[in-house]
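K.L.:
sequence-free structure coming up:
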């Protein structure tokens, strides 16, 4: 986990999705190798954090888009 924190997390939405998918893949591989107990619990924490960040950004983007469209419509 310390190694992952040292690497940091991607900031771009597409990079986050790629990171998320790679983490899922690693978790599935560890699970098939029988190492799932410790590894999957730390992976779940990371994935939950990433999902929350993506959801927050999506909500912010949606709110910004609605506000922008509203402003544009008022000017027209």
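P.N.:
Cool, got the structure. Here the structure is a predicted model, which means the values were calculated and not measured. Numbers count the residues shown, from 1 in each chain.
K.L.:
tell me the SS of the residue positioned nearest the centre of the chain?
P.N.:
With distances taken as C-alpha atoms, centre = their mean, residue 50 lies nearest the centre of the chain, 2.9 Å away. Here residue 50 is helix, with the state taken from DSSP: H, G, I helix; E, B strand; the rest coil.
K.L.:
now the helices: where do they sit in the chain?
P.N.:
In the chain, the helices defined using DSSP state H lie at 2-7, 13-32, 36-75.
K.L.:
make TSV from those and add mean pLDDT to it.
P.N.:
Converted to TSV, those look like this (pLDDT from 0 to 100):
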stretch	mean pLDDT
helix 2-7	68
helix 13-32	81
helix 36-75	80
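K.L.:
highest mean neighbour count out of these?
P.N.:
Stretch with highest mean neighbour count among the helices of the chain: helix 13-32 (a mean of 13; mean count of other C-beta atoms under 10 Å). For every residue, glycine as well, the C-beta is placed using N, CA and C.
K.L.:
relative to helix 36-75, how tilted is that helix?
P.N.:
160 degrees (axes from the mean of the first three to the mean of the last three C-alpha atoms, to 10 degrees).
K.L.:
who are the packing partners of helix 13-32?
P.N.:
helix 36-75 (3 or more C-beta pairs under 8 Å, 6 or more residues apart in numbering; DSSP states H and E).
K.L.:
which strands and helices sit next to the helix it packs on?
P.N.:
helix 13-32.
K.L.:
ok, back up a step: how about the nearest residue to the residue nearest to the centre of the chain, chain neighbours excluded?
P.N.:
What sits nearest to residue 50 in space, not counting adjacent residues and going by C-beta to C-beta, 6 or more residues apart in numbering, is residue 20, at 5.1 Å.
K.L.:
please verify my assumption that that neighbour contacts residue 48.
P.N.:
No. Using C-beta atoms under 8 Å, residue 20 is not in contact with residue 48; the gap is 10.7 Å.
K.L.:
now the common contact residues for these two.
P.N.:
When contacts are counted by C-beta atoms under 8 Å, 6 or more residues apart in numbering, residue 20 and residue 48 have no shared neighbour.
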